[in-house]
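> Quick one, what's the 3D model for this:
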Amino acid sequence: MPEINGKAVVLADRLPARQWWTLYPKVLEIKAGDKLLDKLGWDTSVEMCRSLVTSWEFEGDPKDAAAYEGLDFVDMVALVTEVFNHAIGLMARKSGDNGLGE
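Residues are numbered from 1 along each chain as shown. Next comes the predicted model:
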């Protein structure tokens, strides 16, 4: 379970199909050395977090897009990075099962 600024964040162990149908191509565009926030933008970053954060110790419901508006910027950057890396890890582990890999 990752921690962001001392607050526990629980991440899902699967990529919800409906949300990731549109997120997947955007995530695949990210290459090593890219600035994650520039590539993803706010809306995609929040949608990605909403899809994978199941609970957290921050205020608000992580499924509510408005809850992300109140986060500290540094916490949001760390959260987006953690969620992105988690998503990539999930894709890598399951790529042999679902045709995501080459």
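> Quick check: which ranges of this structure have low pLDDT?
95-102 (pLDDT under 70).
> center of it, which residue is that?
Val83 (3.2 Å; C-alpha atoms, centre = their mean).
> I'd assumed Val46 was in contact with that residue.
No: judged on C-beta atoms under 8 Å, Val83 makes no contact with Val46 at a distance of 10.1 Å. Quick note: C-beta positions are derived from backbone N, CA and C, even for glycine.
> list the contacts for the residue nearest to the centre of the chain?
By C-beta atoms under 8 Å, 6 or more residues apart in numbering, Val83 lies in contact with 11, 48-49, 52-53.
> can you rerun that using 10 Å?
Counting by C-beta atoms under 10 Å, 6 or more residues apart in numbering, Val83 makes contact with 2, 9, 11-12, 45, 48-53.
> Check for me that it belongs to a helix.
Yes: counting by DSSP: H, G, I helix; E, B strand; the rest coil, Val83 falls inside a helix.
> so how far is Pro16 from it?
13 Å (C-beta to C-beta, to the nearest Å).
> Check the contact lists of the two and give me the overlap.
Common contacts of Val83 and Pro16 (C-beta under 10 Å, 6+ apart): 50-52.
> in the protein, which spans are helices?
17-28, 36-52, 65-69, 73-98 (DSSP state H).
> mind putting those helices in TSV, distance to Glu59 included?
Converted to TSV, the helices of the chain look like this (distance: least, C-beta to C-beta, whole Å):
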stretch	distance to Glu59
helix 17-28	23
helix 36-52	15
helix 65-69	7
helix 73-98	11
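> Go through those and pick out the most buried.
helix 36-52 (a mean of 17; mean count of other C-beta atoms under 10 Å).
> Mind giving me the packing neighbours of that helix?
Judged by 3 or more C-beta pairs under 10 Å, 6 or more residues apart in numbering; DSSP states H and E, helix 36-52 is in contact with strand 7-11, helix 17-28, helix 65-69, helix 73-98.
> now the angle between strand 7-11 and the longest one, please.
In this structure, helix 73-98 runs at an angle of 20 degrees to strand 7-11, with axes from the mean of the first three to the mean of the last three C-alpha atoms, to 10 degrees as the basis.
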